[in-house]
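Visitor: Structure for the following, please:
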Amino acid sequence: MARRGPFPVGRHALIEALRTELGDQADEFDMADPPGDGALFRYEMHTLPSEISDRIGTSTLFAAWNAVIYVNQIEDERLDEVVSSGAYLEATQQALHEHGGLWFNDEAFVVTRRD
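Guide: Now for the predicted structure:
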């Protein structure tokens, strides 16, 4: 299955890369890779209908923007221009209107050190 969007690398590839990077030390860790249903989760930003109406409150825009840059792990250097110009608030508002809210589908895995 081809991966698209902000998360182009799946958990299986990440776990394999971690094992490779750790080399012989990989045996010191348990890298649990839960089956699909146990690994998949959805983040949804809940808002009141009035918050997504014609005018979106600044705090809602900031919350949505912060969620997007955190989840996508966007570096500060890439954000400087849009943040300094204020364009990010308009872009965030447009996206919230266009999609009726904000959500992310993602997947997880757990790495623990063995005793």
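Visitor: rest of the way, CA atoms for contacts and neighbours
Guide: Fine.
Visitor: OK, contacts around residue 115?
Guide: Contact analysis of residue 115 by C-alpha atoms under 8 Å, 6 or more residues apart in numbering lists nothing.
Visitor: For the most centrally placed residue in the chain, give its distance to residue 112.
Guide: Compute the mean C-alpha point of the chain, and by C-alpha atoms, centre = their mean the closest residue is residue 71, 2.5 Å away. The gap separating residue 71 from residue 112 is 22 Å, by C-alpha to C-alpha, to the nearest Å.
Visitor: now the helices: where do they sit in this structure?
Guide: Using DSSP state H, the helices found in the chain span residues 11-22, 36-39, 58-71, 76-85, 87-99.
Visitor: Columns distance to residue 30 and mean pLDDT on top of the ones you listed, output as JSON lines?
Guide: Formatted as JSON lines, the helices of the chain follow (distance: least, C-alpha to C-alpha, whole Å; pLDDT from 0 to 100):
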{"stretch": "helix 11-22", "distance to residue 30": "10", "mean pLDDT": "93"}
{"stretch": "helix 36-39", "distance to residue 30": "16", "mean pLDDT": "82"}
{"stretch": "helix 58-71", "distance to residue 30": "25", "mean pLDDT": "85"}
{"stretch": "helix 76-85", "distance to residue 30": "33", "mean pLDDT": "86"}
{"stretch": "helix 87-99", "distance to residue 30": "39", "mean pLDDT": "85"}
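Visitor: Nearest approach to residue 47 belongs to which of these?
Guide: Checking the helices of the chain against residue 47 by C-alpha to C-alpha gives helix 58-71 as the closest, at 7.8 Å.
Visitor: just checking, what packs against that closest one?
Guide: Helix 58-71 sits against helix 87-99, with contacts defined as 3 or more C-alpha pairs under 8 Å, 6 or more residues apart in numbering; DSSP states H and E.
Visitor: how about the helix it packs on: buried residues?
Guide: 88-89, 92-93, 96-97 (16 or more other C-alpha atoms under 10 Å).
Visitor: So what angle separates the directions of it and helix 76-85?
Guide: 90 degrees (axes from the mean of the first three to the mean of the last three C-alpha atoms, to 10 degrees).
Visitor: Adjust the sequence numbering to begin at 752 for everything that follows.
Guide: In the new numbering, first residue 752, that becomes helix 838-850.
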